[in-house]
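Peer 1: next one to model:
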Amino acid sequence: MRIAMDTGGTFTDCVFVRDGRLEILKVPSTPDDPARAIMNAIEKVLVAADRSLELTCGTTVGTNALLERRGGRVALVTTAGFEDVLEIGRQARPKLYDFFMDRAAALVPAERRFGLRERIGADGKVVQRPTGNDIARIVRRVLECRAQSAAVCLLFSFSNPAHERAISSALRRAGVAVSVSHEILPEFREFERTSTTVANAYLVPVMSRYLADLGAKAARFTGGAKRPTVRIMQSSGGIVSAEVASREPVRTILSGPAGGVLGAQYVAELSGFDRIISFDMGGTSTDVALMDGAASTTNEARVADLPVAVPMLEIHTVGAGGGSLARFDRAGALRVGPESAGAEPGPICYGRGERPTVTDAHLVLGRIPERGFLSGDFPLDVARTRKWMERARGPMRTVEQFAQGIVDVANAVMEKAIRVISVERGHDQRDYTLVAFGGAGGLHACDLAASLRIPRVLIPRLPGGLSALGILRAHVVHDYSRTVRMNVISVVKTRRALSSEFAKLESRGRSVLKAEGFAGAKIRGERLLDMRYVGQAYELTVPESGDFLAAFHNAHERRYGYSDAARAVEVVNVRARLIGVTEQPQLDRPRAAKRRAGATVVETRRALFGGRTFPTRVYDRAKLAPGQKFIGPAIISEYSATTVVPPGWRGKMDAWGNLILTQGSR
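Peer 2: The predicted model follows:
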């Protein structure tokens, strides 16, 4: 049995393969213990005959630990004299004109930062070798401060890691869990390398406990016949074993959203679209990404105001979801999010919450049927919702006006997020298709597309579980990198000079994949280069294949609006991505049975759009046939999500069961 889980703030989504078919299950999340919701889902889908379990999870454990600052007790070992690099950071001010801004506190306070008397030069040569007494002193101080984990990040260790190996070996012999910069991020930029290594060490105690608990609980379902295989989604769009994720949890920070990007890319390809904007709106947040044929990655992300320089898919996240709380600020302006009702207590309509959310607003506007979600197993309380929203509506004249205001503010927040990844990066959003998914994505997709002049919306099959589907289809991926700093003389000569560096990284990756059971054609490799014009501060990543110099100029033109073919270019970092190819479950084509259009209509109800009430048909998506068309206003109801088709929009189901929505007569 292959099962993929995406743990969200409100629901935990489960997608699995049974008898060759993909199925979906949603269960309420358990924020106090995320593994409990996963076990609840497994218990519902496994049967006695299933004695082999392959479980792959997207997790928010690392993200939440950073956001809430509840990671482990960490010590930092660095070169003597550089203990305060975490405090100093960069000169760039996050808010240039805010004189009262407080920077986030460092993950490691000054009393747990220790300097080792050693020095490696910029050329990788030893300037000062640490003595045995120096190493013993550092180990003793780390043990005395009762650190659960230690981060080791010495100056220029990416060029020569000998001293890092010496101190990390001594710490490990003393029983300390150690994150070492030349293993986590062997690249230049001392602050980013230190911050990333410290973040990894900070997450190790939390993630290792969670994954050990998850593995132990999963083993109960196989009856001891065979140990379950547990893998975790990475931020880069690949999966790794639970053992690797326990050692390098910093690579899992955007675990769940990465699965959504892969799922969106897959369903869009089936429908014939290669230029897409993915729009994943769940219960607590919205994640957007732009794909021009393939998902792009970055090594310059910030999470919880901390630079994290491991490969991540380029995903922009905002605090707007179905459970986002609405309130009036001190000036009387309506605000939505980033605070969320989460799974406990949840929106008002779920029966326990008392503060209005985006989901409550849609229910009041008539855009969500009262029978709710999960095929009626999760009914919604309209009367209770109206009562509490009446109390909270403030200066709004009616509950309906309050609800429309909540939806409009949420749309504005998400529209800005889409502009960040498209217009602000030189892409014309009118050339793309908006792929909307997540439990709440279909409720807002058409409004956003109209505001941004995006020509069409694609609502995939299994929209509420698309992230889990992407996780289920992900390959095992190991990323390796190294700083080289080499001027590009010519493509041929540079490629020849870099071949040995790539060979070292690929040899390491192949060994790891072989140990995980991959061999031969099941192992693929990708080579990437971080390049920049000489004198620039930041790089762009391009494939090493083909004319990578021309590719860099094109990428620079696209990102910054200019390029200079006469200017000197350098390769800063080399990156090798080793891929262990896994079997990818496929969506089957739905049956093209002929159905009467009226048979798919569940009811006709009154719904509000733009302050006006319209008779609105509610369709059962499970009964829609390929090729079937419908016009708005309409509501498409299904197990995992609800889709709203406003007046002036029309839609049809394509051959793969995806809904294609367009405005006007197109």
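Peer 1: ranges for the strands of the stretch 501-650 of the chain?
Peer 2: Per DSSP state E, counting those that start in this stretch, the stretch 501-650 of the chain carries strands over the ranges 523-533, 540-543, 569-580, 601-609, 612-620, 629-631, 634-637, 642-645, 649-653.
Peer 1: number of residues surrounding Tyr430?
Peer 2: Check again: residue 430 is Arg, not Tyr. For Arg430, the neighbour count with other Cβ atoms under 10 Å is 10. In this view, the C-beta of every residue, glycine as well, is placed from N, C-alpha and C.
Peer 1: does it count as helix, strand or coil?
Peer 2: helix (DSSP: H, G, I helix; E, B strand; the rest coil).
Peer 1: so who does it touch?
Peer 2: 453-455 (Cβ atoms under 8 Å, 6 or more residues apart in numbering).
Peer 1: how far away is it from Glu164?
Peer 2: Distance, Arg430 to Glu164, by Cβ to Cβ, to the nearest Å: 50 Å.
Peer 1: could you do Leu313 as well?
Peer 2: Leu313 is 29 Å from Glu164, by Cβ to Cβ.
Peer 1: give me the distance from the least confident helix or strand in the chain by mean pLDDT to the chain's centre.
Peer 2: Within the chain, no helix or strand scores below strand 301-303, which has a mean of 82 by mean pLDDT, DSSP states H and E. Averaging C-alpha positions (Cα atoms, centre = their mean, to the nearest Å) puts strand 301-303 11 Å from its chain's average.
Peer 1: what pairs with the helix or strand just after that strand, parallel or antiparallel?
Peer 2: Per DSSP states H and E, the first helix or strand lying C-terminal to strand 301-303 is strand 306-308. Sheet pairing for strand 306-308, assigned by DSSP bridges, gives strand 301-303 (antiparallel).
Peer 1: tell me who's in contact with Val601.
Peer 2: For Val601, the contact set (Cβ under 8 Å, 6+ apart) comprises 617-620.
Peer 1: what's the pLDDT at it?
Peer 2: We have a pLDDT of 87 for Val601.
Peer 1: identify the bridge partners of it.
Peer 2: Using DSSP bridges, the bridge partners assigned to Val601 are Tyr619.
Peer 1: I'd like the distance between it and Pro615.
Peer 2: The spacing between Val601 and Pro615, counted by Cβ to Cβ, is 12 Å.
Peer 1: what of Arg508?
Peer 2: 64 Å.
Peer 1: could you do Lys522 as well?
Peer 2: Distance, Lys522 to Pro615, by Cβ to Cβ: 56 Å.
Peer 1: neighbour count for these two, which is higher?
Peer 2: Each of Lys522 and Pro615 has its neighbours counted (other Cβ under 10 Å); Lys522 has more, 15 against 9.
Peer 1: which residues touch that one?
Peer 2: By Cβ under 8 Å, 6+ apart, the contact list for Lys522 reads 580-581.
Peer 1: again, but for Asn554
Peer 2: Asn554 is in contact with Ser563, counting by Cβ under 8 Å, 6+ apart.
Peer 1: what's the pLDDT at it?
Peer 2: Turning to Asn554, the model gives it a pLDDT of 94.
Peer 1: equivalent analysis for Met281, please.
Peer 2: 93.
Peer 1: wait, it touches Gly321, no?
Peer 2: Yes - under the criterion of Cβ atoms under 8 Å, Met281 makes contact with Gly321 at 6.0 Å.
Peer 1: what stretches of the protein score poorly on pLDDT?
Peer 2: Scanning the chain for pLDDT under 70 picks out 47-51, 223-225, 372-376, 592-599, 665-666.
Peer 1: check it for its longest helix and report it.
Peer 2: Using DSSP state H, we find that the single longest helix of the chain is helix 190-219.
Peer 1: which stretch of helix or strand covers the residue lying farthest from the centre of the chain?
Peer 2: Ranked by distance from the centre of the chain (Cα atoms, centre = their mean), the top residue is Asn133, with 44.3 Å. According to DSSP H and E, Asn133 maps onto helix 132-144.
Peer 1: count of neighbours near Gly282?
Peer 2: Using other Cβ under 10 Å, Gly282 has 28 other residues around it.
Peer 1: should've said Gly627
Peer 2: Gly627 has 11 neighbours, counted by other Cβ under 10 Å.
Peer 1: wait, it sits on Trp656?
Peer 2: No - with contact defined as Cβ under 8 Å, Gly627 does not count as touching Trp656 (11.6 Å).
Peer 1: coming back round to it: need the next SSE after the longest helix of the chain, C-terminal direction.
Peer 2: In the C-terminal direction, the helix or strand that comes right after helix 190-219 (DSSP H and E) is strand 229-233.
Peer 1: so for Met281 and Gly321, which residues contact both of them?
Peer 2: Common neighbours of Met281 and Gly321 are listed as Ala440 (criterion: Cβ under 8 Å, 6+ apart).
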